[in-house]
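[1] Got a predicted structure plus its sequence, pasted below:
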Amino acid sequence: MNILGAMDIGYSALRAHTVRLNVIGSNLANMETTRTPEGGPYQKKSVVFTTQESGFAAELENSTREMAQGVRVRQIQTDPDSVKDVYEPSHPDANAQGYVRKPDISLVEQMTDMMNAKGGYEANVTAIKTAQRMAAKALEIGR
């Protein structure tokens with residue numbers, strides 16, 4: 001694998017972790033949202049990663065030798081079971097029994113996911129910087 005390939009893999013992971021951090025931020029911001037444009041309470045979202053799709057030339061090269069691939073976001077899943085009923089009879093969205101349907105989003109779980117995504121982001125920044133230093137050293141050797 002060449003140095004530019006290593007940087008491409010790191011950049012793809014940065015983009016994927018950025019999406020993951022944005023989704024976590026959306027979950028945290030909507031922990032109390034009882035009404036959405038789709039109707040009903042906000043539903044927790046999560047990100048699913050997969051290997052980065054490659055073109056014909058990359059597939060041809062990959063068939064002859066092992067080649068590392070990047071990462072991309074395959075989809076953002078919505079969890080329909082992430083809703084709970086909370087007894088709040090004074091809430092404007094309460095039903096006749098006094099229950100309000102709210103998102104079932106754990107602050108601790110979301111913060112843990114955020115720290116995990118942040119760690120992945122930082123690890124890929126370090127990998128990209130290392131590849132850049134290696135490229136600079138390779139250019140110095142040629143002098």
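    Yep, that arrived.
[2] contacting residues around residue 84?
    Residues counted as contacts of residue 84 (CB atoms under 8 Å, 6 or more residues apart in numbering) are 101-104. The C-beta positions use only the backbone N, C-alpha and C, and glycine is treated the same way.
[3] Can I get the residues you listed in JSON lines including neighbour count and distance to residue 93?
    Compiled in JSON lines, those are given as follows (neighbours: other CB atoms under 10 Å; distance: CB to CB, whole Å):
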{"residue": "101", "neighbour count": "16", "distance to residue 93": "8"}
{"residue": "102", "neighbour count": "20", "distance to residue 93": "9"}
{"residue": "103", "neighbour count": "20", "distance to residue 93": "12"}
{"residue": "104", "neighbour count": "16", "distance to residue 93": "16"}
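[4] Out of the residues you listed, which is nearest to residue 17?
    residue 103 (23.2 Å; CB to CB).
[5] Can you tell me, leaving aside adjacent residues, what's nearest to the closest one?
    Excluding the flanking residues, the one nearest residue 103 by CB to CB, 6 or more residues apart in numbering is residue 42, at 4.6 Å.
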